[in-house]
Each structure stands twice: as structure tokens, then as C-alpha cells.
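S.K.: model the following, please.
(chains A and B)
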Amino acid sequence: MILVLSLVVSDDADVLDAHIAYHLNAGVDLVLAAPLRPSEEVDEILGAYEREGFLRKIPAPEGADDARVRTSLARVAADEVGAEWLIDSGTDEFWLPRGESLKDVLAPIPPRYGLVQALVRVFLPRPDDGPAFYERMTVRRAPGSVDDEAMGRLEWALRPVYRVRPDLVLGLDREATLDGRVPLRAWYPIELLRFPLRTAEQAQRRAARERATGIAVRSKVEQALLEPEQGGPLQHRVGQLAVSDTELEEGLARGTLVEDTRLRDALRRIERDGPSRGFGLPTEGFALELHPPTIVEDVAYAVECAALREVDFEPLVARIAELEQRIGSLESRFWPRVRRAVSRLLSP
Amino acid sequence: MNIVEVLIVRDEIDIIDAQISYHLRAGVDLVIASDHGSTDGTSEVLESYAREGRVLRISRTGPKDERAWRTEMARLAATQMGADWVLNADADEFWMPRRGRLADVLGAVPPSIGVVWGLTRHFVPRPEGGGGFAEKMVARVSAPAPINDPTSPYRPHAKVAHRADPDIVVHYGGHAVESALAPLHDWYVADVLHFPNRSLEQYLRKGLRQARGGERHLGQYVRAMQAKEEGRAESIFHDLLVDDRSFELGKESGALVMDTRLRDALRNHGTGTPPDGRDAGLAFGQVADAAALREADIVRLSRRIDDVSGRVRALETRQGRRWLKAGVA
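M.R.: Here you go, the predicted structure:
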């Protein structure tokens, strides 16, 4: 099984090395990266992995929008790499399998499913006092709380991982993505750990970039920072959004915040001192040491999955009605053709 | 009342004797067993019961055809064995009536109803120790929401029992039937105590057999096969085991409960006491598990709708292409 991760990269040097190394350790075979206006530092990181054969740089088609660039990467994964599964990732997203590796959880997915989904966990900004983002950002809102970052928004709470087909189109909205493929609904074998706002500088860069290309908000904390109607200078807002130590203590005590150190712990296991890369790879004897959840953890996770209500009775009724309409439309096209064919046969 | 249990077995020596003797004591009159080429002594156990007239062993060869075999056995029970009720089971499942014996609960089903279900309750494997599987495996999953993971052995489901019907069709797994008999949903005549993974050796044997030669390559079997091929079988099975610490954590959170009903029934074997599934402490768990099963069934329905939707889309695309072609021509 070949697993490919595709990335559109711009000015994400603070997270890029950790991102690529983590995924290569988690079971990704090859990273396909489309650099868009990369900084020198980004170029260096990509080059280091490219030289070792773990990454291919694919130039973005001239004047293409984000969706077209991502789709072009998916086509390379299908046509040139022969990938079976594709993770279409952002640089601030870490795909954590509920198993020993990403391949370990994807391989046993029955073939009927063309798409699985990851359950999104948004990590909140913390004061930027020097250490790398994964050392600081170990806090997220408790699932199911009213402040849950993705509460009530399936397009925020779930992200697809694709079984590769040559006609894969990315960048569609959620409904279009799911239609035509059979998605594995109501169970999410991967958790997606997102770190959208890491430092004031990075948040400012992102805000500027997204104002130019269209805001891609996928959580309440990004909404609070990036949407134009929010008041005050951006740098000030980043400071306000960061969870202070006092807020953290109170949030943990009240049960509205949870500490989640899984990415930090995984990255600590593969950290190394190196001239080009700050993290080791499996070929060098490094390992993330991920473990499958216990049945006790699975039961708790099942409650979280159910709380999303991706599958509910009422929407099912609506989907059946929609299917009936589509079948009716097919039938109305089919029978006139049959009638015409019969009349042709019977005519002298 | 004549109750017939139907089974498909292959190399189940660690459990088959307990399974059959338990059901005969619980009120089953006859077991019809399709023996699919067992070589580990299972056939001899079946034959020993056959000599006493309590088991009808049907030797099967070739690829497994579960739907056809289950259907054939269920029809045989109706046409030649004088069955009133037929229970569908696997070698690792034990129908535990909620009250009294199986004949009591099935006898209480109104005559207008012909199809009922037993609610499957999954038991988790425990670290190796003395005694048989039922002595060790007293930790049961109790999930307030369904585990809809297609690779998990702990997905909620139910097993079907039906009145004798010479025209019945029994589906794969014995979870559903096609019949003119009226079904009774949302009330369960029994718990079906399920012991899917009992030892490393049995886990691997079953996983490899089902993944390579089974009719449906269910995720949990594919996972076992992968583990074997990658030399990680022991560590993967170890991850499934619930040790004492996890059991305590599970009990605290409500994810696991202590359930000794099968262990006690098998211990009482020599005393003449019939199995008794009553346990007031487990009553709430039954309601919660039944609710989780209902939710899981809605998810299954949704997945079927996704399948149909995909097929309709393929038809639409094909027709669209034909139109385009006709237009160009």
C-alpha cells in the first residue's frame, strides 16, 4: 500500500520540518509538495527531504487557485506514484492514527469505502515564550462543550482522507466531496490535530495571505482572529486569544479544557540535532511509538463520534427522498428511449 | 417446544464443547452443525454429541457459503426435525435467556410474531491465566454509543431466532432473515454472550482463515492477517487484552462491566441448575446496549444509502456520457 501526503506550502517554516518528519514516521511513503511563494527557509526544508527521496516538489500550475493546485497533486499521486490513499493536508495539520501507524488504520478499511474521515482537534494558542509550537500548544477545548471549536459544523469537525482514483477532484465543499464516493460515516479512524495559530507573526502572515486569497476559517478561534468584522489590531487579538496559565488551570478544573500532549510526546521521540532536519526518520532508527487505543478509550471515543451526529434519522429520510427523485429522473429518461427503440423495431 | 440451534464451525476446539453442552442445558433440543473441514478435534466433539442424538453434524467442504448453509439448516430444522423455533449462533456465542429457560422466553412470544432477536454482548480477552475462556473472560463491553469502527469486533449487533419456516432465507452472519413471519423489533428475548477473541492462537487462526478464505473480508480479520504477515501478531493481540488495571479503569468509566453469567452457568453444570440470565444490576446496561444497537443500525442504513447513492451516480454519469456521445454524433 502506498500512502501519499500532499501539501501546498507557502511561508510555514516554523511548522514544516516537524510536519513532514512526523508524517514520514507515521506511515506516509511520499510527500508531494507544491511550493507557493516559499521563503528561503521553506525551500531549504523541502530540499532536504527531496534530496533523500521522501518528497517531490511539484510546481503549481500557472495562475491556478488552491483547489486546482491540490487536485493536480492528487493526479500526480494517482498517475505517477500509484498511491492507494491520499492525505490532502495543510501544513498546520497532524494526522494521528488510532493505531500504530496511518497505514495500519487505513489498510483494513473495507474496499467499499472510498473515503474515511478524520476527527478534527483544534489546539488553542498559548503565550509565545520561545519553545516550538508543539511544546507550548497542548491545550484544546473539551469535546462536547459549548465552546468546542467545531461545535455543530461538520465541515469543521471532519476532514476526508481519500482512496485514490484518477478522477479525484479536491477543494469541493463537504457535500460534493462525499457524493459519488462511499464515505465511512460515524467512525473516524484518524484524529486530525490542528495548530492554526501558533505565534503572532505567523498569525499575521496567515491573515494577510488569506485576505488576499479568501479566508479559510475552520474553527472558532480562527474565526475570532481572521474574520474582518472582528475589531482591534490583529496582534492584539492574538494575545487575547492565547490561553494563559491561569485560564488553563481554571479550564482544566472546570472541565472546559483538556490537555493533549500526544503530538508533543511523539515529536520528542524523533527530535535530533541535524544540519538540515531537526527530526529523525524511521530509516535512521527513529519511531513515534504510537499505540492503538484500548477498548476503554474506544468506548469514550464512540461517545464523541456519536455527539457529532453525522448520521441521524431525519437527514437519512431527506437523502432517501433525494435518491428517489434522482432515480425518477433516470427512469423518465430511460423509458422514452425504450419506447423509441421498440417503435423503431416495429415500424416497417 | 422443540428448539433447534444452527451453527457453522471450523476448528473451535477451545469452545465447542462448552457451547453445545451449555445450549442443551439452556433448553435447546438439537444442534445442527455445519462442520467446515475441522481438523483440531472439533469434529470428534460434534460426533460424540451426535451419537447421543443431540447434534446433527453436516460435513462441509469447498468455499464457505454461509447464507446457503444457514438457510439449508434452518429449512432442515423446519421440515425434518420438527422444530418450533430455530436459533442462529456461532461457536463463540451463547444465548442467555433473560428469564428462565429458552423455552420460557420463546413460549412468551405472541403467536403473531415469528422472528425475534438476541442482543449480542461482547466480552474482551484477558491475559493468559488458569482455567478456560469463561473463567477469564468476565469483562464485558458496555458502550453508551455504538463503536461503528468496521475493524472492531465490538460493533453492536443482534442474532436472529425464528419460528420454523420451510421457506426461510437466513442472511450472512445469522443477523437477519427473509420470511413471511412477522418480526418483533426492539425487544430482545435473550442476551447473546459473545467471546470473539480468546487466545493469540485462536485470534490468528480465525483472522487468517476469514481474511484469506472468508466470504467477507471484515476489517478485524484483515487486521489479524496483516499483523501476522508483518510479524506483529503478538503485539497486536496484546493490545486487545484487557489487563487488571484497564479493567478497573473501564469499570470506573462504565465502558466495561463485570459479567459472570456464563462462567457461573458453566460452573453450575454438574449441579443440575439451568442457566439463569437474570441480574438486576445488568438491567440498565441492556437498555443502553439496545439503544446503541439502534443507533448502529441507523449508521448501517446510512452506509447502505451511500452505496445506493454511488450506484445511482454511476448510472447518471453513464447516461450523461451516452447523451453527450449521441449529441456529438
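
S.K.: what residue in the stretch 151-300 of chain B comes nearest to chain A?
M.R.: Evaluated by Cβ to the nearest Cβ, the stretch 151-300 of chain B has residue B:255 as its residue closest to chain A, separated by 3.6 Å. C-beta coordinates here come from the backbone N, C-alpha and C atoms, glycine included.

S.K.: near that residue, how many residues? Count them for me, please.
M.R.: For residue B:255, the count of nearby residues is 26 (other Cβ atoms under 10 Å in any protein chain shown).

S.K.: in this structure it contacts residue B:140, no?
M.R.: No. With contact defined as Cβ atoms under 8 Å, residue B:255 does not reach residue B:140; the gap is 10.1 Å.

S.K.: for the helix or strand harbouring residue A:249, which outside residues touch it?
M.R.: Using DSSP states H and E, residue A:249 maps to helix A:245-254. Contact with helix A:245-254 is made by A:126-127, A:139, A:243, A:257-259, as judged by Cβ atoms under 8 Å, 6 or more residues apart in numbering or on different chains.

S.K.: swap the cut-off to 10 Å and go again
M.R.: If you take Cβ atoms under 10 Å, 6 or more residues apart in numbering or on different chains as the criterion, helix A:245-254 is touched by A:124, A:126-127, A:138-139, A:141-142, A:145, A:147, A:243-244, A:256-259.

S.K.: for stretch A:141-150, same thing?
M.R.: For stretch A:141-150, contacts defined as Cβ under 10 Å, 6+ apart pick out A:119-124, A:140, A:151-152, A:156-158, A:194, A:196, A:218-223, A:243, A:251-252, A:254-258, A:300-301, A:303-305, A:307-308.

S.K.: kindly provide the distance from residue B:298 to residue A:317.
M.R.: The gap separating residue B:298 from residue A:317 is 11 Å, by Cβ to Cβ, to the nearest Å.

S.K.: higher neighbour count, the two?
M.R.: Neighbours were counted for residue B:298 and for residue A:317 using other Cβ under 10 Å; residue B:298 has more, 17 against 10.

S.K.: surely the more buried one meets residue B:156?
M.R.: No. Contact between residue B:298 and residue B:156 fails when scored by Cβ atoms under 10 Å: they sit 11.1 Å apart.

S.K.: quick check: neighbours shared by those two?
M.R.: Jointly contacting residue B:298 and residue B:156 under the rule Cβ under 10 Å, 6+ apart are B:146, B:148.

S.K.: next, count neighbours for residue A:39.
M.R.: 16.

S.K.: where does chain A have low pLDDT?
M.R.: A:146, A:151, A:174-175, A:179-180, A:214-215, A:228-232, A:334-336, A:348 (pLDDT under 70).

S.K.: buried set for stretch B:314-323?
M.R.: Neighbour-count burial for stretch B:314-323, counted by 16 or more other Cβ atoms under 10 Å in any protein chain shown, picks out residue B:316.

S.K.: quick one: distance of it to the chain centre.
M.R.: 41 Å (Cα atoms, centre = their mean, to the nearest Å).

S.K.: got it, and stretch B:298-314?
M.R.: Centre-to-centre, stretch B:298-314 and its host chain are 25 Å apart (Cα atoms, centre = their mean).

S.K.: return it as PDB; C-alpha atoms alone will do.
M.R.: C-alpha atoms of stretch B:298-314 as PDB (Å, rounded to 0.1, in the frame of the first residue of the first chain):
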ATOM      1  CA  ILE B 298     -29.100   3.700  11.600                       C
ATOM      2  CA  VAL B 299     -25.400   4.100  10.700                       C
ATOM      3  CA  ARG B 300     -25.600   0.800   8.800                       C
ATOM      4  CA  LEU B 301     -28.700   2.100   7.000                       C
ATOM      5  CA  SER B 302     -26.800   5.300   6.200                       C
ATOM      6  CA  ARG B 303     -23.900   3.300   4.700                       C
ATOM      7  CA  ARG B 304     -26.300   1.300   2.600                       C
ATOM      8  CA  ILE B 305     -27.900   4.600   1.300                       C
ATOM      9  CA  ASP B 306     -24.400   5.800   0.500                       C
ATOM     10  CA  ASP B 307     -23.900   2.600  -1.500                       C
ATOM     11  CA  VAL B 308     -27.100   3.100  -3.500                       C
ATOM     12  CA  SER B 309     -26.300   6.800  -4.000                       C
ATOM     13  CA  GLY B 310     -23.000   5.800  -5.500                       C
ATOM     14  CA  ARG B 311     -24.700   3.400  -7.900                       C
ATOM     15  CA  VAL B 312     -27.200   6.000  -8.900                       C
ATOM     16  CA  ARG B 313     -24.500   8.400  -9.600                       C
ATOM     17  CA  ALA B 314     -22.600   5.900 -11.700                       C
END
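
S.K.: ok, which residues in the stretch 101-250 of chain A are in contact with chain B?
M.R.: For the stretch 101-250 of chain A, the residues in contact with chain B (Cβ under 10 Å from any Cβ of the partner chain) are A:103-105, A:107-116, A:178-189.

S.K.: return a ChimeraX selection command for the buried portion of those residues.
M.R.: Selecting only the buried entries of those in ChimeraX, with 16+ other Cβ under 10 Å as the criterion:
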select /A:103,104,105,107,108,109,113,114,115,116,178,180,181,182,183,184,185,186,187,188,189
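
S.K.: I'd like the next helix or strand past the helix holding residue A:249.
M.R.: As assigned by DSSP H and E, the chain's next helix or strand after helix A:245-254 is strand A:257-259.

S.K.: do the helix or strand just after that next one and chain B meet?
M.R.: Counting by DSSP H and E, the element after strand A:257-259 in chain order, helix or strand, is helix A:262-270. No. Helix A:262-270 is not in contact with chain B by Cβ under 10 Å from any Cβ; minimum separation 16.5 Å.

S.K.: what's helix A:262-270 packed up against?
M.R.: Applying 3 or more Cβ pairs under 10 Å, 6 or more residues apart in numbering or on different chains; DSSP states H and E, we find helix A:262-270 packed against helix A:13-25, strand A:93-97, helix A:133-136, strand A:190-194.

S.K.: now residue B:297: which helix or strand?
M.R.: Here residue B:297 is assigned to helix B:283-328, by DSSP H and E.

S.K.: now do that helix, average pLDDT.
M.R.: Per-residue pLDDT values across helix B:283-328 average out to 82.

S.K.: hmm, that helix touching chain A?
M.R.: Yes. Shown here: helix B:283-328 in contact with chain A (Cβ under 10 Å from any Cβ) through B:292, B:294-296, B:298-320, B:322-323, B:326.

S.K.: quick one on the thing from earlier: pretty sure the residue of the stretch 151-300 of chain B closest to chain A is touching residue B:122, no?
M.R.: No. Taking contacts as Cβ under 10 Å, residue B:255 lies outside contact range of residue B:122: 11.6 Å.

S.K.: just how off-centre is the biggest strand by length in chain B within its chain?
M.R.: Using DSSP state E, we find that the single longest strand of chain B is strand B:183-194. A distance of 12 Å separates the centroid of the chain from that of strand B:183-194, by Cα atoms, centre = their mean.

S.K.: what is the neighbour count of the nearest residue to residue A:84 once chain neighbours are set aside?
M.R.: Leaving aside its sequence neighbours, residue A:84 sits nearest to residue A:1 (Cβ to Cβ, 6 or more residues apart in numbering or on different chains; 5.0 Å). Residues near residue A:1, counting by other Cβ under 10 Å, number 11.

S.K.: just to revisit the earlier point, which ones are touching the residue of the stretch 151-300 of chain B closest to chain A?
M.R.: Residues near residue B:255 by Cβ under 10 Å, 6+ apart: A:294-300, A:302-303, B:124, B:139, B:141-144, B:242, B:246-247, B:249.
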